[in-house]
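Trainee: return atomic coordinates for the entry below.
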Amino acid sequence: MANNREIAQSPDLASRVFENRAFQAAWAIFLFLFVFFVSWPIRNVLLVCWVYGSSAYFHHGVRVLPGKPIRFSNGDFAPQLPDMVTGFGVFFVTVLGLTLLLFLALRLYGRFSKRS
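Mentor: This is a model prediction of the structure:
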């Protein structure tokens with residue numbers, strides 16, 4: 001049976017979960033799928049709204065076409081600065097945000113689920 005000293009020195013739940021290789025792989029796959037199917041379409045909306053304004057996306061139907069180089073449905077190429085800023089921004093906000101939320105949820109669960 002573990003005494004109080006061993007319990008106090010044991011790593012928290014979040015640390016133990018993130019040390020697991022299988023969880024790391026599953027989390028990386030989840031983040032990739034989330035960025036690809038959720039965040040990237042949002043990034044395309046933000047890119048069109050930045051370059052042409054929100055009315056171009058919502059009223060005039062300007063969209064980002066698949067493929068490289070990045071083109072809009074009106075035939076124009078996407079400017080490099082907005083393309084890079086929206087791409088990096090959406091990626092980092094998604095990956096860091098979801099990871100921090102998971103870490104916080106695991107810390108709170110580990111703290112409040114301990115039996116007295």
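
Trainee: hey, let's count contacts and neighbours off CA atoms from now on
Mentor: Will do.

Trainee: quick one: low-confidence parts of the chain?
Mentor: For the chain, the stretches flagged by pLDDT under 70 are 1-10, 115-116.

Trainee: run the chain-centre distance for stretch 20-27.
Mentor: Stretch 20-27 sits 16 Å away from the centroid of its parent chain (C-alpha atoms, centre = their mean, to the nearest Å).

Trainee: an error on my part: the question was meant for stretch 73-86.
Mentor: 21 Å.

Trainee: now do stretch 20-32
Mentor: With C-alpha atoms, centre = their mean, you get 13 Å for stretch 20-32.

Trainee: cool, and stretch 86-93?
Mentor: In terms of C-alpha atoms, centre = their mean, the centre of stretch 86-93 is found 8 Å from the chain centre.

Trainee: how near is Pro41 to Gln24?
Mentor: From Pro41 across to Gln24, the span is 25 Å (C-alpha to C-alpha, to the nearest Å).

Trainee: so what's the residue nearest the centre of the chain up against?
Mentor: Note on the chain: the residue nearest the mean C-alpha position is Thr94, at 1.9 Å, using C-alpha atoms, centre = their mean. Taking C-alpha atoms under 8 Å, 6 or more residues apart in numbering, we find Thr94 in contact with 35, 39.

Trainee: which helix or which strand is home to it?
Mentor: Using DSSP states H and E, Thr94 maps to helix 80-112.
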